[in-house]
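Colleague: below is the sequence, then the predicted model.
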Amino acid sequence: MLTVSEFCERHRIGRRTFYRLLADGQGPRVVRIGKRSTRITEAAAAEWLAAHESAPASA
């Protein structure tokens, strides 16, 4: 499982952007561990990335 910092670094987004995406319902699925810890599974990260990849430009 990835921490929020690891996820943000891997996808080159800021922590603030990550939490804004979550608040808007556009972030990856997360696992809450206790009150203060949030993790993202590798599967959820891959699913989120696939959903946010832009289609290739057609000629």
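Modeller: Now that the structure is in, tell me what you want to look at.
Colleague: can you give me the neighbour number for Thr41?
Modeller: 14 (other Cβ atoms under 10 Å). Every residue, glycine included, has its C-beta placed from N, CA and C.
Colleague: the protein: helices as residue ranges?
Modeller: Secondary structure of the chain (DSSP state H): helices at 4-11, 15-23, 42-52.
Colleague: so for Lys35, which of those helices sits nearest?
Modeller: helix 4-11 (14.5 Å; Cβ to Cβ).
Colleague: hang on, the earlier thing: tell me which of the helices of the chain sits most buried.
Modeller: helix 4-11 (a mean of 15; mean count of other Cβ atoms under 10 Å).
Colleague: what mean pLDDT does it have?
Modeller: Averaging the model's pLDDT scores along helix 4-11 yields 96.
Colleague: put the alpha carbons of it into PDB.
Modeller: The C-alpha trace of helix 4-11 is given here as PDB (Å, rounded to 0.1, in the frame of the first residue of the first chain):
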ATOM      1  CA  VAL A   4      -0.400   9.700   0.400                       C
ATOM      2  CA  SER A   5       3.100  11.100   0.000                       C
ATOM      3  CA  GLU A   6       4.200   8.100  -2.100                       C
ATOM      4  CA  PHE A   7       1.100   8.300  -4.300                       C
ATOM      5  CA  CYS A   8       1.600  12.100  -4.800                       C
ATOM      6  CA  GLU A   9       5.300  11.600  -5.700                       C
ATOM      7  CA  ARG A  10       4.600   8.800  -8.100                       C
ATOM      8  CA  HIS A  11       1.800  10.800  -9.900                       C
END
